[in-house]
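Visitor: model the structure of this input:
(one chain, ligands or ions: 1)
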Amino acid sequence: MNLKYPKYHFIKTGYIKNCQVCNSNKIHKILDLGYQPLCDSLLTEEMLKQPEMTYPLRMMWCENCTNVQIDYCVDGKIVYAPTYPYRSGITKELAVYQKNISKSVIEKYNLKPEDLVIDVGSNDGTLLSGFKKEGLKILGVEPTNIAKIAKKNGITTVQSFFDIKTSKIIKKKYGLASVIITTNTFAHMQTLGEFIMGAYNLLKKDGVFINETHYLLDVINGGQFDTIYHEHLRTYSLKSLITLFKPYDFTITDVERGDRYGGNIRIHATKGKGRKVSKKVKELLELEEKFGLDKLETYEKFASRVKKARIKFMNFLISSKMKNKTIVGNSSPGRCSTLLNYYGIDTELIPYLAEQPTSLKLGMYSPGKHIPVVNNQRLINEQPDYVVLMAWHYAKPIMEQLKARGLKSDFIIPLPDFKIVKNSEV
Ligand SMILES: [Zn+2]
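Guide: Here you go, the predicted model:
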C-alpha cells in the first residue's frame, strides 16, 4: 500500500512560513503573545536555579483555508518529554465526558465485541475504559509515562508516538480497527501526514477516524486567546479540516460541536467513500462563512477584544492590590500559562495557584512567572478576597465545588470578558 503524504504535512521544528494545512503563503499575523515558555513545563524548585527556555508565540491566520496556526514549532520531543504532567482522569467532568463518548460511538457505528477501538493519545485510559466496559476490544497509544498508569488500570497501552511505523506494528499484533479516536492531540503534532496515514493503515474499509480538537469558531467568538500555546500548532475550522484531509482517501462524513476546552469540534473521517455525508457538514461550513472565519477583519476584531480584556483585568488586579485585597488563582491548566505570561502576572500580583490535592503539579512553579502550585485546602484556610478561575471554561462546577467546601471568596472569571461573580451568586 502506498502510504505517502504531502511533504508539508510534516511540520519542521523552528520558524514556519507557510500554512501547515494547505501550504499557502497567504498568512496574516493576528496576535503577538511575545516570547513564552512551554505552557506545561512546570518547574521544580531545583529548576528555578537554571535558565528557562522561551520561544516566539504568534497567532497567524491562513486566508486560503482559514487555519489558525503559530509560526514557531518547538520540537515535539521537548514538548512531550516523558514527564509531561497531564492526566485525563484527573477532573471529574472530563472523566464523565470521555466515558460518554463511548456510548454515542458504539451506537452510531453499531460496534460489536469483536470490533477494535484505538485511542491515540490515550493518557490514563479514561476514554477507553468506557468501551472496555461495553465489552469491546481496546488499545491505547500514549507516548508519555502516563501509559504506565493506564496499564496499571488494566488498559492495554502501547507507549509510543503514533506514526506509520507504529501503525504497522499495531496492525500486526492487534489487527485492523473499526474506530480510531483521538481527542485533544490533532492540534499538537508535527507529524500530521504520519498520523493520518498511520490511522488509514490501521482502519478497516469504511472504518472511522474520529478526531476531536478545540474549535476555531469558539476560540474567535469567545476571545479565547489562552488556547494559543506552543502545544497547539494549529486551531482548526471545519473548512481547514476538510482541506487537511483532501490529499488522503478519507471523507469527512459527520461533524459535532461540544463545549469541551471552551468549545470543540469532533469530525468523523471515514476511510474511503462508503458512507453518506451528514448534512451537518454543509451546515457548519455555512455557519463558518456567515460568522466571517474567512475574513481578516473578524480576526482583527478578536485581537482588539483580547487586548481590552487584558487591560481590564490588569487594571482590576492592580487597583485591588492598592486597596490591600488578596487575590489568588485557582487551578493551573496549560492554557493559564499563556494568560499569565501575556498579561504579565507574577507572584506579587497572584501569590499562588491552588490545585486539587491529587494534582501532579503540586509543589511546582508555573512556567515563566514561577507562581507556586499549592494544595487548594489553602483557599479554605485563608479565604482570600478574590479567586481567579484559570480553568474558566469549567467555571460553574468549580465555583460550586469550592463554595460547597466552605470557600467564601468572590470569583474572577478572566475570559471571554472579564467578570466578577459574587460568592452569594454561585
Ligand atoms: Zn491554509
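Visitor: mind naming the longest helix for the chain?
Guide: helix 296-322 (DSSP state H).
Visitor: parallel or antiparallel, list what pairs with the helix or strand just after that helix.
Guide: As assigned by DSSP states H and E, the chain's next helix or strand after helix 296-322 is strand 327-330. Paired neighbours of strand 327-330 in the sheet (DSSP bridges): strand 353-355 (parallel), strand 386-389 (parallel).
Visitor: I'd like the average pLDDT over whatever helix or strand comes next after the longest one.
Guide: Meaning strand 386-389. Next helix or strand after strand 386-389 toward the C-terminus (DSSP H and E): helix 395-404. Across helix 395-404, pLDDT averages out at 95.
Visitor: ok, residues contacting helix 395-404?
Guide: Contacts made with helix 395-404 from outside it, assessed by CB atoms under 8 Å, 6 or more residues apart in numbering, are listed as 93, 330-331, 376, 379, 387, 389, 391, 411, 413, 421, 423, 426. C-beta here means a position set from N, CA and C on the backbone, and glycine is covered the same way.
Visitor: check stretch 201-210 too.
Guide: Identification of contacts with stretch 201-210 by CB under 8 Å, 6+ apart yields 1, 3, 105, 109, 118, 164, 167-168, 170-171, 176-182, 196, 199-200, 250, 253, 266-272, 274-275.
Visitor: of those residues, which belong to strands?
Guide: 118, 177-182, 250, 253, 266-271 (DSSP state E).
Visitor: whichever of these end up buried, select them in ChimeraX.
Guide: Remark: buried members of the ones in strands among the contacts of stretch 201-210, expressed as a ChimeraX selection using 16 or more other CB atoms under 10 Å:
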select :118,177,178,179,180,181,182,250,253,266,267,268,269,270,271
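Visitor: out of the ones in strands among the contacts of stretch 201-210, who's nearest residue 286?
Guide: residue 267 (16.2 Å; CB to CB).
Visitor: hang on, the earlier thing: point out the least confident one among the contacts of helix 395-404.
Guide: Least confident entry in the contacts of helix 395-404, by pLDDT: residue 93, with 70.
Visitor: that residue in helix, strand or coil?
Guide: helix (DSSP: H, G, I helix; E, B strand; the rest coil).
Visitor: can you check the one 5 residues further on too?
Guide: In terms of secondary structure, residue 98 is helix; the call rests on three-state DSSP.
Visitor: roughly how far apart are it and residue 66?
Guide: Distance check for residue 98 against residue 66: by CB to CB, to the nearest Å, it reads 28 Å.
Visitor: and those two? Which one has more around it.
Guide: Ranked by neighbour count (other CB atoms under 10 Å), residue 98 and residue 66 place residue 66 first, with 27 against 23.
Visitor: before we move on, what SS does the more buried one have?
Guide: Look at residue 66: counting by three-state DSSP, its state is coil.
Visitor: and the furthest pair within the ones in strands among the contacts of stretch 201-210?
Guide: Across the ones in strands among the contacts of stretch 201-210, no pair lies farther apart than 118 and 253, at 18.5 Å, counting by CB to CB.
Visitor: now residue 287: closest residue in space that isn't a chain neighbour?
Guide: The shortest distance from residue 287 to any non-neighbouring residue, by CB to CB, 6 or more residues apart in numbering, is to residue 217 (7.4 Å).
Visitor: give me phi/psi at that neighbour?
Guide: The phi and psi values for residue 217, taken as degrees, to the nearest 10, are phi -60, psi -40.
Visitor: give me the pLDDT for it.
Guide: At residue 217, the pLDDT value in this model is 97.
Visitor: same thing with residue 1?
Guide: For residue 1, the predicted pLDDT is 67.
Visitor: one more: residue 153?
Guide: 89.
Visitor: residues from the protein in reach of the ion?
Guide: Contact residues (CB under 5 Å from the ion) of the chain with the ion: 19, 21, 22, 24, 62, 64, 65, 67.
Visitor: now the nearest residue to the fourth one once chain neighbours are set aside: how far from residue 254?
Guide: Computed as CB to CB, 6+ apart, the closest residue to residue 24 that is not its neighbour in sequence is residue 64, at 3.8 Å. Between residue 64 and residue 254 the distance is 25 Å, computed by CB to CB.
Visitor: one more: residue 352?
Guide: Distance, residue 352 to residue 254, by CB to CB: 44 Å.
Visitor: then residue 422?
Guide: To residue 254, residue 422 is 42 Å away according to CB to CB.
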